[in-house]
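**Q** Sharing a model prediction with you, sequence too.
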Amino acid sequence: MIPGPISLFGLFVSLTNVSIPLIGVHYDFKIRSFAGHITIDQTYKNTETTDLECVYGFPISDQASIVGLTIEIDNRTLTSVFKKKDEAFQEYSEALKRNDGAYLLDQSERSDDTFVLSVGRLPPGKECKVSISYVTTLESVTETKSRLTIPTSLYPRYDPTPKLQKTGVIAPESYRATVSYKATLSGHIQAVDTIENITSPTHPLSVTTVGPKEASVTFNGTQQALDKDLVIEVELKKNPQSYVEVEETSPGVYTAMYAFVPSFKPDNSGINSELIFVVDCSGSMSGENKIGDAKRAMQIFLRSIPEGAYFNFYKFGSRFESLFPQSQLYSADTFAQAKAYADAINANMGGTEILEPLQKIYTSAPRSGFSRQIFVLTDGEVTNTQEVISLVRQNADNSRVFAFGLGQSPSRSLVNGIALAGNGKAEFIKHGEVLENSIGRQLARALQPSVTDVRVVFHGVTQVQQAPTVVPPVFKGDRQIVYAIFGLDKGDDATARPFYIELNIGQSKTKVPFTIPTKRSSEKPFLAQLAARELIRHLELEQKAPPRPTGSLQFGRHPSPLPSDNQTQESITALSLKFGVLSKYVSLVAVESRTGRNATSDKMELREIPIQKSMIPQDEDEDEGMGVAFNGNSVGVGHNAVLANNFAGSSFNRFSASPAAPLRGMTTEKPNSAATLNKLLNLQQWNGTWNLNEELARLSNVTVTEVHSAVSGLDDTVLGTLLAVTVVKERFAQQTDVWQAIINKATAFLDKQPDQAAIQSGLSALRLIIKRN
């Protein structure tokens, strides 16, 4: 007998040796331009003899807006309503006391990428399908490639607070290596231009052509385990520099999505930089060779640091330490010390206390005349996400933060949150992906001044509510999306006047015309909900994290923490209720009236649905990677990488993308292979130079004698640097993300040479040799 409401506050009960009520999950997605609509169908069945309350914690992208919850049971469809969190829980709990069915969807108060679904009083023998709908924007990978990430799994997250002080809505904390339920997939893609290819670095896909700009997608083969996030990448032949989509949200109210790729000439003079690398060495980094990726990242960073910069390395777990007491000038000596330090790191520092090393960094002001850039490499397995983001936000005026999420299921809430709060960018690197691409993109952003003078103005419309209200710093080649909710002047219609958007980047102005639809689309509008989520996200960034509880450790005696800014909470709540999006303060609830049901007992059992852990590959250990060695660590194709499939022309045939075989034991490389490029870059000295020797010549597919015969009057350091720069630019022109920062150092060295005529002559001669060979 349950004496009263079943509280979700505190830890959930974890039961063993009972059947799992969740029997299947289906994901359906629809991509339209740069946005996606995803529906998760979860099917529950009670095979026991008493009523069940099923509680399931699961991830959804922190960039997403949950917009709907429907339930199908006994040939009926129930539709949920948005209510303030306390009101929703009260309605849910009261329904259970009446022996009615009830369904509740909450956002976790610890992280905005984790949600808790409660299926209340599911009768014996009954089955129900719960459908959760959300909308999200696609990530910009390159100018022509976009990425849809559908989180499917969680990993236990380190919590620095005592367990007895946990309050509020918290996801279940039961994890298993394997679970009985699996996932299926269906999807449709409507692109803005001709599709070049569709790939996944995480799952095997089967893709069917519908047209040059359309395709349908399913899993290739059977159901898939929910052991890693699903990533789908869509590459187009070309991407428009600007794109506007407008839909009628309600009578007389419209929402526009304006996507643009900033086009400006970056300042090649660069900036005086203090570069700080903060590397996660907690125990969770041991899986998926994440610590190996971190080591390799540190080595790439080292070779990319420009002369004249200051730098430092921090590593952290339950404690933290730094390479130097303070940032040091980049030199041959500090380079050697940092290289040895990077080689020695391991995932042996306990839990993930990322807050304390950041606090230590921020206690010191940036070096005078230098811009401080912080790079964070982590799997993000923490629960104090809001505290960390709040700290970064408070220091955004003195430091930029560029974040990397490593592994199959990192905390996207943390990684995206600190990058946004720190005016930087986030990159996510799955196991088996080419690490160098992401690192190169981040370095290119960090070593240029950020462009902050960006304004977007909508003309011809009225009562404009723009999201974000202030456009964040933009980087060349990174797509930015701005939303606007607006109306028309009284008496105007959709054809009354020209409508256009004015984009101002510095002194540059661009006008982009757009049209307003004259009739509502048959598809359900969702741009306004994306706009509302963007407004909410920026309000959340302004909030200060609540202090950790102190004093008594009695379980359940601490109230659920509220932000110090009640006005912000009220604003978020109002936006959630107005536009129909879930938030920390608004939940979705549905009640199934069961009048006339002959309940034999009020008894109800609580069943926590176990969460499948993120997959940890079994065919490799921390020291043995896949692909071609780079300082003892792997690079190249991993066992989760999926073969890219190119679409010929404007149409393509049905194909299956299968996991690629791992590359092991390679001893030779093709002249234009990724392995060759990485080995070439690894030969670079701290100051950006290469020495002409047999190894460099072999990788360049020339001989030392050929080089000396073609170019005279230059020493071997200048010759080696000229050769390396020529080879990289000629043979790897499409991989600038990987080598741009490294080659910039070499170019700076060559520009300092006194005989520039000899340099240019040498470049021309070596270019001929490389092309000939």
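**A** Yes, it's here.
**Q** Would you map the helices across the stretch 401-550 of the chain?
**A** 412-421, 435-446, 527-542 (DSSP state H, counting those that start in this stretch).
**Q** Which of the ones you listed has the highest mean neighbour count?
**A** Greatest average neighbour count among those goes to helix 412-421 (a mean of 26), per mean count of other Cβ atoms under 10 Å. Placement of C-beta: from N, CA and C, glycine included.
**Q** Could you name the helices and strands sitting against that one?
**A** strand 371-378, helix 385-394, strand 399-406, strand 426-429, helix 527-542 (3 or more Cβ pairs under 8 Å, 6 or more residues apart in numbering; DSSP states H and E).
**Q** out of those, which comes closest to residue 756?
**A** Comparing the helices and strands packed on helix 412-421 against residue 756 with Cβ to Cβ, the closest turns out to be strand 371-378 (29.7 Å).
**Q** same for the closest one, what does it pack against?
**A** The helices and strands touching strand 371-378, judged by 3+ Cβ pairs under 8 Å, 6+ apart, are strand 273-280, helix 290-304, strand 399-406, helix 412-421, helix 435-446.
**Q** Switch the helices and strands packed on helix 412-421 over to JSON lines, and while doing so, append distance to residue 93 and mean pLDDT to every line.
**A** What follows is those, written out as JSON lines (distance: least, Cβ to Cβ, whole Å; pLDDT from 0 to 100):
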{"stretch": "strand 371-378", "distance to residue 93": "38", "mean pLDDT": "94"}
{"stretch": "helix 385-394", "distance to residue 93": "26", "mean pLDDT": "90"}
{"stretch": "strand 399-406", "distance to residue 93": "36", "mean pLDDT": "94"}
{"stretch": "strand 426-429", "distance to residue 93": "38", "mean pLDDT": "90"}
{"stretch": "helix 527-542", "distance to residue 93": "26", "mean pLDDT": "90"}
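**Q** Just put these in a markdown table and tack on distance to residue 51.
**A** Listed next are these as a markdown table, based on distance: least, Cβ to Cβ, whole Å:
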| stretch | distance to residue 51 |
| --- | --- |
| strand 371-378 | 42 |
| helix 385-394 | 35 |
| strand 399-406 | 40 |
| strand 426-429 | 41 |
| helix 527-542 | 34 |
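**Q** Any idea which of the ones you listed gets closest to residue 725?
**A** Minimum separation from residue 725 across the helices and strands packed on helix 412-421 (Cβ to Cβ) falls at strand 371-378, 24.9 Å.
**Q** what residues does that closest one touch?
**A** Outside strand 371-378, the residues that touch it by Cβ atoms under 8 Å, 6 or more residues apart in numbering are 271-280, 294, 297, 301, 352, 354, 358, 361, 366, 398-406, 410, 414-415, 418, 422, 424, 442, 446-447, 449.
**Q** Out of the helices and strands packed on helix 412-421, which is closest to residue 125?
**A** When these are compared by Cβ to Cβ, helix 527-542 sits nearest residue 125, at 36.9 Å.
**Q** distance between the helix or strand just after that closest one and the chain's centre?
**A** The helix or strand immediately downstream of helix 527-542 is helix 566-579, counting by DSSP states H and E. Computed by Cα atoms, centre = their mean, to the nearest Å, the chain-centroid distance of helix 566-579 equals 26 Å.
**Q** Quick one: work out the angle between helix 566-579 and helix 527-542.
**A** Orientation of helix 566-579 against helix 527-542 (axes from the mean of the first three to the mean of the last three Cα atoms, to 10 degrees) gives an angle of 170 degrees.
**Q** which parts of helix 566-579 are buried?
**A** By 16 or more other Cβ atoms under 10 Å, the buried positions in helix 566-579 come out as 568, 569, 571, 572, 573, 575, 576, 577, 579.
**Q** Show me what whichever helix or strand comes after that helix is packed against.
**A** Moving toward the C-terminus from helix 566-579, the next helix or strand (DSSP H and E) is strand 586-592. Packing partners of strand 586-592 (3+ Cβ pairs under 8 Å, 6+ apart): strand 65-73, strand 76-79, strand 81-84, helix 85-97, strand 101-107, helix 566-579.
**Q** what's the last one in contact with?
**A** The reference is to helix 566-579. Applying Cβ under 8 Å, 6+ apart, the external contacts of helix 566-579 come out as 82, 84, 528-529, 531-532, 535-536, 539-540, 542-543, 562-563, 581-586.
**Q** and it, average pLDDT?
**A** The pLDDT scores in helix 566-579 average 93.
**Q** Extract the CA atoms of that helix and return them as PDB.
**A** Provided in PDB are the C-alpha atoms of helix 566-579 (Å, rounded to 0.1, in the frame of the first residue of the first chain):
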ATOM      1  CA  ASN A 566      13.500  34.700  -9.400                       C
ATOM      2  CA  GLN A 567      12.800  37.100 -12.200                       C
ATOM      3  CA  THR A 568      14.800  34.900 -14.600                       C
ATOM      4  CA  GLN A 569      12.900  31.800 -13.400                       C
ATOM      5  CA  GLU A 570       9.600  33.600 -14.000                       C
ATOM      6  CA  SER A 571      10.800  34.600 -17.500                       C
ATOM      7  CA  ILE A 572      11.900  31.100 -18.400                       C
ATOM      8  CA  THR A 573       8.600  29.700 -17.100                       C
ATOM      9  CA  ALA A 574       6.500  32.200 -19.100                       C
ATOM     10  CA  LEU A 575       8.400  31.400 -22.300                       C
ATOM     11  CA  SER A 576       8.000  27.700 -21.700                       C
ATOM     12  CA  LEU A 577       4.300  27.900 -21.200                       C
ATOM     13  CA  LYS A 578       3.700  30.400 -24.100                       C
ATOM     14  CA  PHE A 579       5.600  28.500 -26.800                       C
END
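**Q** what stretches of this structure score poorly on pLDDT?
**A** 1-19, 110, 154-178, 264-270, 494, 496, 522, 543-565, 596-601, 611-672 (pLDDT under 70).
**Q** how about 50 then?
**A** Within the chain, the stretches falling below the threshold (pLDDT under 50) are 1-17, 156-167, 171, 548-564, 600, 616-668.
**Q** Redo the helices and strands packed on strand 371-378 as JSON lines? Include distance to residue 232.
**A** Shown next, in JSON lines, are the helices and strands packed on strand 371-378 (distance: least, Cβ to Cβ, whole Å):
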{"stretch": "strand 273-280", "distance to residue 232": "26"}
{"stretch": "helix 290-304", "distance to residue 232": "22"}
{"stretch": "strand 399-406", "distance to residue 232": "17"}
{"stretch": "helix 412-421", "distance to residue 232": "15"}
{"stretch": "helix 435-446", "distance to residue 232": "17"}
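**Q** for these, which one sits closest to residue 717?
**A** helix 290-304 (16.1 Å).
**Q** tell me what the closest one is packed against?
**A** Going by 3+ Cβ pairs under 8 Å, 6+ apart, helix 290-304 lies up against strand 273-280, helix 332-344, strand 371-378, strand 399-406, helix 435-446, helix 674-682, helix 736-751.
**Q** by contact count, what packs against the last one?
**A** Other elements packing on helix 736-751 under the criterion 3+ Cβ pairs under 8 Å, 6+ apart are helix 290-304, helix 435-446, helix 674-682, helix 716-731.
**Q** Run the chain-centre distance for the helix or strand just after the first one.
**A** Pointing back at helix 290-304 there. For helix 290-304, the following helix or strand on the C-terminal side (DSSP H and E) is strand 310-316. Here strand 310-316 is found 23 Å from its chain centre; the criterion is Cα atoms, centre = their mean.
**Q** now do stretch 393-400
**A** With Cα atoms, centre = their mean, you get 21 Å for stretch 393-400.
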